[in-house]
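Novice: Show me how the following folds:
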Amino acid sequence: MSSKHFSELGDSASRVLDAAEGLIQQQGYNGFSYDDVARLVGIKKPSIHHHFATKAELAAVVAQRYTHRFRSELLIIEGRHAKATDRLLAYAALFEQRYTQDRGLCVCGMLGAEAASLAEPVAAEVQLFFRSNLDWLAAVIKEGQQQGLLRSSVKPAALAEAWHSAMQGAMVLGRGLQSDRGPAQVAKSLLATLLA
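Specialist: Next up, the predicted model:
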């Protein structure tokens, strides 16, 4: 894991994180440089190195902060929705919100696609994002099966993988087709096949 924690960073470092996050969502880890970040933030490259010695450290903290925000959103979903089906659709809405902004993709989805070229701290943060999402989805799906809302013929962990894969894939497919059909619509179609 990264030795830095995003909550301990000041405003200047947070602006660097914001710029790097946007670049990763649009171009991936291998598609941006510190020069790109410096231009977006309006600072010199050595100032970025002052906050993040390496690109790997920067990307790890970006992924860490992204995962934290995403997990916070999952808690909000739990507080707003009692039914598993509503929670699954609200989960899809998180991806839809990201997708409709500028066709940007999930930070950890983009980083996951480049897993073979990631340094260990970045890969570890990406894995944490995926594991926490799959665990949450599996728990929601299991609850939905117990509520009699979702089919129980498939294990919750397998359905969690399918659901998360569908959300990530909907963003990639929508971007590739330059389509307005995003994760929310894909989720509605998928949910229709899962209802008990």
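Novice: what pLDDT does the residue nearest the centre of the chain get?
Specialist: Most central in the chain under Cα atoms, centre = their mean is Cys106, positioned 4.2 Å from the mean C-alpha point. As predicted, Cys106 sits at a pLDDT of 90.
Novice: Quick one: residues contacting it.
Specialist: Gln25, Phe95, Arg98, Met167, Gln168, Met171 (Cβ atoms under 8 Å, 6 or more residues apart in numbering). From N, CA and C alone the C-beta is placed, and that goes for glycine too.
Novice: repeat that with 10 Å
Specialist: By Cβ atoms under 10 Å, 6 or more residues apart in numbering, the contact set of Cys106 is 24-25, 66, 70, 94-95, 98-99, 112, 129, 133, 164, 167-168, 171-172, 183.
Novice: nearest spatial neighbour of Met110, skipping sequence neighbours?
Specialist: Gly28 (4.9 Å; Cβ to Cβ, 6 or more residues apart in numbering).
Novice: Work out for me the element Thr67 sits within.
Specialist: Thr67 is part of helix 55-80, with elements assigned from DSSP states H and E.
Novice: Show me what that helix is packed against.
Specialist: Helices and strands touching helix 55-80, by 3 or more Cβ pairs under 10 Å, 6 or more residues apart in numbering; DSSP states H and E, are helix 11-27, helix 34-41, helix 45-51, helix 84-102, helix 107-113, helix 120-146.
Novice: closest to Val61 out of those helices?
Specialist: Set against Val61 and scored by Cβ to Cβ, the helices and strands packed on helix 55-80 come closest in helix 11-27, at 6.3 Å.
Novice: Could you give the average pLDDT over the closest one?
Specialist: Mean predicted confidence for helix 11-27 is 92.
Novice: Could you give me the buried positions within that helix?
Specialist: Ala13, Arg15, Val16, Leu17, Ala19, Ala20, Glu21, Gly22, Leu23, Ile24, Gln25 (16 or more other Cβ atoms under 10 Å).
Novice: what does stretch 106-116 give?
Specialist: Quick answer for stretch 106-116 (16+ other Cβ under 10 Å): Cys106, Val107, Cys108, Gly109, Met110, Leu111, Gly112, Glu114.
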